[in-house]
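Q: Sequence unavailable; structure follows:
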C-alpha cells in the first residue's frame, strides 16, 4: 500500500509541474512496410506527373495551332478588307473575230483582255471540220 501511495504522490507532483500538452511533427524512423508503401506511392506520383505534363503539352500544342490558324485567317481577311477585293475563280470566255481575241468575264460581262489572234487560233476547231469518209466506202466495196 505504501508503494501505491508513493506512486499517486509522484503522479500528483508531476501533474502540478505540467504546464501544457502539445503535438509536434518530429522525425520517426519508418518501418519496412511504411517505406515500401511510400516508395510505391512515389513511383505512381512520378508517373502521374509525367502523364500530366504530356497531356498539358499536347493541349498547349493544339491551342498554339488553333491560334496560328486564326492569326493566318485574320491576316488574310485584313488584306482582303484593305484592298476591298479578293481573287475568286470566275468563268472566262474567249471570243474572236478574224484579228483579235477578247477575254470576257462571265459574271460581269467585262472584257478583261484583248489581244491579237494567234495563228493556231485562226485554224479553228478540229471538231468543226467535216471528216471525209470516201476512202472507207471505196475500201468496203472492194
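A: Arrived safely. Just so we're clear, the structure is a prediction, and the values are computed from it rather than from any experiment.

Q: Give me the contact list for stretch 33-45.
A: residue 30 (Cβ atoms under 8 Å, 6 or more residues apart in numbering). No exception for glycine: its C-beta is placed from N, CA and C like everyone else's.

Q: What's the mean pLDDT across it?
A: What stretch 33-45 shows for mean pLDDT is 98.

Q: so how far is that stretch off the chain centroid?
A: Its chain's C-alpha centre and that of stretch 33-45 lie 39 Å apart, by Cα atoms, centre = their mean, to the nearest Å.

Q: Equivalent analysis for stretch 75-88, please.
A: 24 Å.

Q: Not counting it itself, show me its contacts.
A: By Cβ under 8 Å, 6+ apart, no surrounding residue is in contact with stretch 75-88.

Q: now the helix or strand harbouring residue 49, how far from the chain's geometric center?
A: Using DSSP states H and E, residue 49 maps to helix 32-83. With Cα atoms, centre = their mean as the basis, helix 32-83 stands 12 Å off its chain's centre.

Q: same deal with stretch 81-94?
A: Per Cα atoms, centre = their mean, the centroid offset for stretch 81-94 relative to its chain is 30 Å.

Q: Could you check it and say which residues are buried?
A: Counting neighbours by 16 or more other Cβ atoms under 10 Å, one finds that stretch 81-94 has no buried residues.

Q: as a whole number, average confidence for it?
A: Mean predicted confidence for stretch 81-94 is 95.

Q: Likewise for stretch 112-127?
A: Stretch 112-127 comes out with an average pLDDT of 82.

Q: C-terminal to the helix holding residue 49, what's the next element?
A: Per DSSP H and E, the first helix or strand lying C-terminal to helix 32-83 is strand 92-96.
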